[in-house]
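**Q** no FASTA, just this:
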C-alpha cells in the first residue's frame, strides 16, 4: 500500500466493487458523512443511503451510490459492506423514479408496521438515488 493512503474496499452482495489505496474516502454514515484518511481512529458505523466519494490527487475520482450497509475503519483500511452499490454515472433516473412511485404505492397499501417500515426504507433509498443522480 502507498504510504499516507488508506486501503479502501467497497463490497456489495454480488461482488467486490473497489479495492485500492486512496487519499480519502467520504462515507454517508448513519450519524452523518465522515471522511477517512490514513491513520483514522477505529470505528464501525451504519451507512445510510447516499454517495461514497473517493479522493485521489486532491479531487473526487469516483462517486458510488450505496443504499445502506456498514463501514469498518482501522488506521490503515476502510471497508464498506453495502446492501447495494452503483456508480453514480450508471444510475437510471427513470428506473429510480419508478422505484419511488412503487414504494409510495406500497406505503399507501401497507397493512402493518413491518410493511410501512419497508416501504419507508424503499422511499428513502429511491429519493437518495435520485438526489445522487441530480448531482
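**A** Sure thing, it's come through. Nothing here was measured: the structure is a model prediction, and the numbers come from that model.
**Q** Could you check the pLDDT of the residue sitting furthest away from the middle of the chain?
**A** The centre of the chain is farthest from one residue, residue 111, which by CA atoms, centre = their mean lies 29.5 Å away. As predicted, residue 111 sits at a pLDDT of 91.
**Q** again, but for residue 134
**A** Residue 134 carries a pLDDT value of 86.
**Q** Now do it: how many residues are near it, please.
**A** Neighbour count for residue 134, taken as other CB atoms under 10 Å: 9. Where you see a C-beta, it was placed from the backbone N, CA and C, and this is true even at glycine.
**Q** From residue 11, how far out is it?
**A** 26 Å (CB to CB, to the nearest Å).
**Q** all helices for this protein, in order.
**A** In the chain, the helices defined using DSSP state H lie at 93-109, 113-134.
**Q** if we can go back for a sec, next up, phi/psi of the residue farthest from the centre of the chain, please.
**A** In terms of degrees, to the nearest 10, the main-chain angles of residue 111 are phi -100, psi -20.
**Q** The most centrally placed residue in the chain - nearest residue in space that isn't next to it in sequence?
**A** Centroid-nearest residue in the chain: residue 66, 2.6 Å away (criterion: CA atoms, centre = their mean). Once flanking residues are discounted, residue 66 sits nearest to residue 82: 4.2 Å by CB to CB, 6 or more residues apart in numbering.
**Q** Can you check the pLDDT for the one you found?
**A** pLDDT, read off for residue 82, is 97.
**Q** which residues does it contact?
**A** Applying CB atoms under 8 Å, 6 or more residues apart in numbering, we find residue 82 in contact with 10, 11, 12, 17, 47, 66, 67, 68, 69.
**Q** By neighbour count, which of these wins?
**A** In terms of neighbours by other CB under 10 Å, the contacts of residue 82 top out with residue 66 at 28 neighbours.
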